[in-house]
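Trainee: kindly generate the corresponding structure for this input.
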Amino acid sequence: MSSCNINLPWKDTTRDDKCGSLTSSQCGLMELAALVFCRACVNTPIASSSEKRIRREHVVVQIRERLSGGKWPWHAAFCYLIHNYYDRLKKDLLIYWFEGICANFERIINDANIEHSYVGLLWTLRSLQGLSLMLLFPVPALQTSSKLSSTLSGVETGWHTIWNCVIGGLPTFSTFTAVVDAALMLLRNLILNDTTNAYLVPQDLWDLRLLKRVPSISVLCFISCYFSRKGYQVCAPLISSILILFYCPLWFTNKG
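Mentor: Numbering: from 1, shown residues only. Below is the predicted model of the structure:
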């Protein structure tokens, strides 16, 4: 996987949906922040003094704490860090940061709903998208640790926590298109790695308006990935009919 395979959705934001988009100066700032983070986390101190080791560990811990807070500037910089320097990061470091986000993800969603401000949640979802690509799919360039196997079960549990939080939160932020798109693309990544049909969508979620309006790419990808899993193949003709019934009348209405 090369860095160009990791999408930059914040650069593809449409003119009508500015939530989560960055100006050119902000992009430059995030590029710089990502470079600083990479050098601070990756470079091994020349001397093995306890002071330098503590300083390096402090940077790693600080990033985890800031990501756990769900603030958008930190997650924006983190997205650039993953996109630009994933091949210089160790997998156990990504897992360490993922666990911090996971432990606070439900609170991040609740805070967004209480404050009616979803930019932080949007960038948190984008961070999780990047982490899902790094942790769920083979990335040959990603450095791994010999101690990693003991933490993988915890990572799997963490992704189930993320799934449940997003599924439960979708109705509350369903009117914010950018957030919904980021959430559904994250869920799609989880589904693509699901070999046991462990990720299930409750029936009432299919009744949400966001799944019945004129479809976005994220909605179509989510639905097609969900129903193309093993065990749903027999339903393929039925699913095709449902998609046609859902979307064709809406499409013709809008064309008219």
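
Trainee: burial check on E31, number of neighbours?
Mentor: Taking other C-beta atoms under 10 Å as the neighbour definition, E31 ends up with a count of 15. Where C-beta positions appear, they are placed from N, C-alpha and C, glycine not excepted.

Trainee: offset the numbering so it begins at 5, please.
Mentor: Let's use 5 as the start, then, which means that last one is E35.

Trainee: ignoring the adjacent residues along the chain, who's closest to K75?
Mentor: G124 (5.5 Å; C-beta to C-beta, 6 or more residues apart in numbering).

Trainee: my read: that neighbour touches S72, true?
Mentor: No. Using C-beta atoms under 8 Å, G124 is not in contact with S72; the gap is 11.6 Å.

Trainee: which stretches of the stretch 55-204 of the chain form helices?
Mentor: Listed in chain order, the helices found in the stretch 55-204 of the chain under DSSP state H, counting those that start in this stretch are 76-89, 95-119, 123-140, 156-173, 181-196.

Trainee: and of those, who's closest to W210?
Mentor: For these, proximity to W210 was assessed by C-beta to C-beta; helix 156-173 is nearest, at 11.5 Å.

Trainee: so for the closest one, what gets flagged as buried?
Mentor: Under the neighbour-count criterion of 16 or more other C-beta atoms under 10 Å, helix 156-173 has 159, 162-163, 166-167, 169-171, 173 buried.

Trainee: where does the stretch 5-154 of the chain have low pLDDT?
Mentor: Within the stretch 5-154 of the chain, the stretches falling below the threshold (pLDDT under 70) are 5-23, 47-61, 145, 147-154.

Trainee: excluding chain neighbours, what is closest to F177?
Mentor: Residue nearest to F177 in three dimensions, not counting chain neighbours: V183, with 4.9 Å by C-beta to C-beta, 6+ apart.

Trainee: give me the neighbour count for D208.
Mentor: For D208, the count of nearby residues is 8 (other C-beta under 10 Å).

Trainee: contact partners for it?
Mentor: Contacts for D208 (C-beta atoms under 8 Å, 6 or more residues apart in numbering) come out as none.

Trainee: pLDDT at V223, what is it?
Mentor: The confidence metric pLDDT takes the value 88 at V223.

Trainee: and for it, the neighbour number?
Mentor: Neighbours around V223, by other C-beta under 10 Å: 20.

Trainee: what helix or strand is it on?
Mentor: The secondary structure element spanning V223 is helix 221-231 (assigned by DSSP states H and E).

Trainee: send me that helix as PDB with only the CA atoms.
Mentor: Once non-C-alpha atoms are left out, helix 221-231 reads as follows in PDB (Å, rounded to 0.1, in the frame of the first residue of the first chain):
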ATOM      1  CA  ILE A 221     -20.700   7.200  -2.600                       C
ATOM      2  CA  SER A 222     -20.300   6.300   1.100                       C
ATOM      3  CA  VAL A 223     -23.900   5.100   1.500                       C
ATOM      4  CA  LEU A 224     -23.600   2.900  -1.600                       C
ATOM      5  CA  CYS A 225     -20.200   1.500  -0.600                       C
ATOM      6  CA  PHE A 226     -21.500   0.700   2.900                       C
ATOM      7  CA  ILE A 227     -24.600  -1.100   1.700                       C
ATOM      8  CA  SER A 228     -22.900  -3.000  -1.000                       C
ATOM      9  CA  CYS A 229     -20.100  -4.100   1.300                       C
ATOM     10  CA  TYR A 230     -22.500  -5.100   4.100                       C
ATOM     11  CA  PHE A 231     -24.700  -7.300   1.900                       C
END
